[in-house]
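*Asks:* Let's see this in three dimensions:
(one chain, ligands or ions: 2)
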Amino acid sequence: MIIGVTGGIASGKSTVARAFAALGAPWVDADDVAREVVEPGEPALEEIAARYSRARVLNDDGTLNRRALREIVFADPAERRWLEAVTHPRIRARLTEHLARLQATGAPYVLLVSPLLFESGQNEMTDRTLVIDVPEALQIERTAARDDVDDAQARAIVAAQMPRAERLARADDVLDNGGSEALMQRRVAELDLHFRQLATQPAADRITHPRGAS
Ligand SMILES: CC(C)(COP(=O)(O)OP(=O)(O)OC[C@H]1O[C@@H](n2cnc3c(N)ncnc32)[C@H](O)[C@@H]1O)[C@@H](O)C(=O)NCCC(=O)NCCS
Ligand SMILES: Nc1ncnc2c1ncn2[C@@H]1O[C@H](COP(=O)(O)OP(=O)(O)OP(=O)(O)O)[C@@H](O)[C@H]1O
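*Replies:* Ligands and ions are numbered 1, 2, ... in the order given. Okay, the predicted model is just below:
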């Protein structure tokens, strides 16, 4: 059983995934895979360098200047869509490979953690979805505290993602991460039992949103 875990920037997906991993659930993070597809030598990096010029978006050692590209794509939705068209098909193909490897471990369920699970259609690869929910103000506060981004850029990133209400409407399960980490861990333990129980049932009974449905 594949559980898609999503939520906006700094909602706590990685923190929640680590809590599931401590209980035995393996996971793959789409943000990590997004980094793999733009490593030096990858065709996506060549396409990015050709569009914006090497001097503008590559570091001296040939790696992607992530900050420069972030500033370009969150200032202009057309550029963001271009970058997504270049990267998302490649991210998806690699996620499929990673998930197959995780499932081969025999774990009762595995996690696909992705900020753009619904936006990019990656939910089609999952059996159920879990949304990590926090108020927008807290997302912006946690983004600014963690990353080297200012308040305006944090807001631009939130605006480029699915609105909170829409994401919640599409969730099979929700984890409210507006409280302490201890509360989050308690909720993860409950969900772990729920997923383990669902994994013992016939596939048709445990899938709320069948693969392929939007
Ligand atoms: C623009 C890039 C270079 C910025 O890199 P940076 O190191 O600053 O951020 P990082 O990759 O760690 O992403 C941080 C967060 O930004 C948000 N984010 C990233 N890409 C997008 C996007 N296309 N749309 C909306 N939000 C996004 C996510 O919440 C993500 O967790 C990078 O995010 C990127 O290559 N994005 C395109 C690929 C993509 O869509 N990745 C998301 C996972 S599928
Ligand atoms: N319940 C919580 N209480 C306090 N801080 C938290 C809680 N959950 C997460 N955080 C903190 O919020 C920040 C964002 O969490 P995390 O990195 O897990 O989010 P994310 O959704 O994976 O982010 P992104 O997708 O943007 O990389 C981190 O600094 C983390 O330590």
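*Asks:* Residues of this structure that sit close to ligand 2?
*Replies:* Residues of the chain found near ligand 2 (C-beta under 6 Å from any ligand atom) are 7, 9-15, 31, 115, 142, 146, 177, 180-181, 184. Glycine gets a C-beta too; all of them are placed from N, C-alpha and C.
*Asks:* burial of Leu102, as a residue count?
*Replies:* 19 (other C-beta atoms under 10 Å).
*Asks:* From the chain's centroid, how far away is stretch 151-171?
*Replies:* 13 Å (C-alpha atoms, centre = their mean, to the nearest Å).
*Asks:* Just the buried positions in that stretch, please.
*Replies:* 153-158, 160-162, 164, 167, 171 (16 or more other C-beta atoms under 10 Å).
*Asks:* Tell me the one of these nearest ligand 2?
*Replies:* Closest approach to ligand 2 among those (C-beta to the nearest ligand atom): Ile157, at 8.2 Å.
*Asks:* Arg54 versus the closest one, what's the distance?
*Replies:* 25 Å (C-beta to C-beta, to the nearest Å).
*Asks:* Would you confirm that Leu183 belongs to a strand?
*Replies:* No. Per DSSP: H, G, I helix; E, B strand; the rest coil, Leu183 lies outside any strand segment and is helix.
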